[in-house]
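Participant: Just the structure for this:
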Amino acid sequence: QVQLVESGGGLVQAGGSLRLSCAASGRTFSNLAMGWFRQAPGKEREFVARVARNYITLYGDSVKGRFTISRDNAKNTVHLQMNGLKPEDTAVYFCAADRDDYDSRYYNPVIYDYWGQGTQVTVSS
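Facilitator: Next comes the predicted model:
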């Protein structure tokens, strides 16, 4: 089992920045691929970013060039640096862990094995 706890959400004005963190426990963190998803009211869960064991990163089209995912294996933590925030980025952001390092369906939430409880990000215009 893996426990994931997100932090860092909040209210920010458009154009601002936030840094989300996800602390993992219960399994060797370095063996996990880590991802971030988000879900706005009435919408499906959307892929945001993923970082593999070898630090290779993937991003959803809507956040490319603005968000950066990173991992710190020494601290069992994954971060999501969000710059240039827009009102449409408003959502609950979820951290997720995948026991398989490679999966061509990396954007699909069903392949992830563990989830955090989510943290709210609200961007005002």
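Participant: who's the residue nearest to the spatial centre of the chain bridged to?
Facilitator: The central residue of the chain, meaning the one whose C-alpha is nearest the mean C-alpha position (CA atoms, centre = their mean), is W36 at 1.9 Å. When bridges are called by DSSP bridges, W36 pairs up with A49, C95.
Participant: pretty sure it is in contact with V92, am I right?
Facilitator: No: the pair W36 / V92 is not scored as a contact, 11.2 Å apart, by CB atoms under 8 Å. For glycine as for every other residue, the C-beta is placed from the backbone atoms N, C-alpha and C.
Participant: coming back round to it: gap between the residue nearest to the centre of the chain and N83?
Facilitator: Computed with CB to CB, to the nearest Å, the distance linking W36 and N83 is 14 Å.
Participant: Strands of this protein, residue ranges please.
Facilitator: For the chain, strands defined by DSSP state E occupy the ranges 3-7, 10-13, 18-25, 33-39, 46-51, 57-59, 67-72, 77-82, 91-98, 114-115, 119-124.
Participant: Generate CSV for these, with mean pLDDT and distance to R105 as supplementary columns.
Facilitator: CSV is the format used below for the strands of the chain (pLDDT from 0 to 100; distance: least, CB to CB, whole Å):
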stretch, mean pLDDT, distance to R105
strand 3-7, 97, 20
strand 10-13, 98, 31
strand 18-25, 97, 21
strand 33-39, 98, 11
strand 46-51, 98, 10
strand 57-59, 97, 11
strand 67-72, 98, 18
strand 77-82, 98, 19
strand 91-98, 98, 10
strand 114-115, 98, 16
strand 119-124, 98, 24
